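> Mind looking at a prediction? Sequence and model below.
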Amino acid sequence: MEAKDIKLSPDAFEPLPADEAQSNENIVGPSLTFAQSVWLQLKKKKSAIISAIIIIVMVVVAFGSTPFINNNTLVKSHPQYANLPAKVPGMGAINGFNGKLKQNGKWVDVYAQNNIPKDKYFIAGTDYLGRPLGQRIIYGTKISLIVAFVAAIFDLTIGVVYGIISGWKGGAVDNVMQRVIEIISSIPNLVIVVLMLVVLKPGMTSIILAIAISSWTTMARQIRAETLTLKTQEYVLAARNLGESTWKIALKHLAPNLSSLIIIQMMYTIPTAIFFEAFLSYIGIGISSPQTSLGVLLNEGQKNFQFLPYQMWFPAAVLCILMIAFNLLGDGLRDALDPKTRR
């Protein structure tokens, strides 16, 4: 049928009733705030939601176990329980979680071999001194998270403030501040830690100082680049013409518009700091025995990896899960907060 053959009745040209015409002009769907819009986008990323749940559980377990797990219980040795494999009640049919180890091609019940009481078991096994590996992993996770949160705090304080000042001032001030960042960035983190060891003993203090010196530079650069763009926007120029102070403009106009960039960058800073601490402890210039961290556990586990692989697999698995979870959550937040990447 051709268009010329279509005939419309006169009723088709009658105006709609007032109430029906108004309903056709209404916007379908509820009005959403920015936070609600971000949450709706984030929920579409199943990997980000699962990662967030994993991170929350790890944080609760690591910090909630403080009254039950302390430094004294972690360093006290029990030679009679040395090198026991993982044993989980109710999982007697699964080798690797039933107290058995493979020796000379056969699975041997190590608990029965060492006359361990039947009501005594270790969910993640023990190390070479008989210390519970599960407790040490939980405490090591807590140390890694503390280092990560400290790095995030330095990003929020030094990095954000430095970047806003550099981008807002511009000119000679910006030029000098960027040269300072280039100098700091040119020094490897490992060199900074070694220099800290000349003054301080290996441990949390030297790692935190190394992070305080160098971890904030990436955040500062990104904030500075975004500030250079935002300060030319009409609402910022209007605020300046109305006589608002620089700090008030930064808090009311710059900080809210920089929030998405800050959150995303922090999500990538945290796993970097976790790996940095684990690497330093693994090579022996970070946290050292009898203190514990995931890096220390990896260092101790690799010595017996050929015969007792669980001593390295468990802390390595926790470290990998922690870093992957933060990275996936960062990817999800990036897509949810940035309108250009929304699908």
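Looks like it arrived, so ask away.
> Val59 - how many residues pack around it?
Val59 has 14 neighbours, counted by other CB atoms under 10 Å. (C-beta placed from N, C-alpha, C; glycine too.)
> Equivalent analysis for Gln311, please.
Neighbour count of Gln311, defined by other CB under 10 Å: 25.
> and the spatially closest residue to it that is not a sequence neighbour, what is it in contact with?
Of all residues not flanking Gln311 in the chain, Gly301 sits nearest, at 3.8 Å (CB to CB, 6 or more residues apart in numbering). By CB atoms under 8 Å, 6 or more residues apart in numbering, the contact list for Gly301 reads 308, 311-316.
> Select only the buried ones of those in ChimeraX?
The following ChimeraX command selects only the buried members of the contacts of Gly301, with burial defined by 16 or more other CB atoms under 10 Å:
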select :308,311,312,314,315,316
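> Save the contacts of Gly301 as a markdown table, and put in distance to Ala48 and secondary structure too.
Below are the contacts of Gly301 laid out as a markdown table (distance: CB to CB, whole Å; DSSP: H, G, I helix; E, B strand; the rest coil):
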| residue | distance to Ala48 | secondary structure |
| --- | --- | --- |
| Leu308 | 36 | coil |
| Gln311 | 32 | helix |
| Met312 | 29 | helix |
| Trp313 | 26 | helix |
| Phe314 | 26 | helix |
| Pro315 | 25 | helix |
| Ala316 | 24 | helix |
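> Can you tell me the element the residue nearest to Gln311 falls in?
helix 294-303 (DSSP states H and E).
> who's in contact with stretch 212-221?
Residues outside stretch 212-221 that contact it (CB under 8 Å, 6+ apart) are 150-151, 154-155, 157-160, 162-163, 166, 178, 181, 184-185, 187, 189, 192, 262, 265-266, 269, 272-273.
> pLDDT on stretch 102-121, on average?
Stretch 102-121 shows a mean pLDDT of 80.
> So what would you say the end-to-end distance of that stretch is?
Start to finish, the residues bounding stretch 102-121 are 18 Å apart (CA to CA, to the nearest Å).
> element containing Ile223, please.
Going by DSSP H and E, Ile223 is in helix 217-230.
> What would the helix holding Gly301 look like as PDB? C-alpha coordinates only.
This file holds the C-alpha atoms of helix 294-303, laid out as PDB (Å, rounded to 0.1, in the frame of the first residue of the first chain):
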ATOM      1  CA  LEU A 294      51.400 -11.300  53.800                       C
ATOM      2  CA  GLY A 295      54.800 -10.600  52.400                       C
ATOM      3  CA  VAL A 296      56.500 -12.300  55.400                       C
ATOM      4  CA  LEU A 297      54.200 -15.300  55.100                       C
ATOM      5  CA  LEU A 298      55.100 -15.600  51.400                       C
ATOM      6  CA  ASN A 299      58.800 -15.400  52.300                       C
ATOM      7  CA  GLU A 300      58.500 -18.200  54.900                       C
ATOM      8  CA  GLY A 301      56.200 -20.300  52.700                       C
ATOM      9  CA  GLN A 302      58.400 -20.400  49.700                       C
ATOM     10  CA  LYS A 303      61.200 -22.000  51.700                       C
END
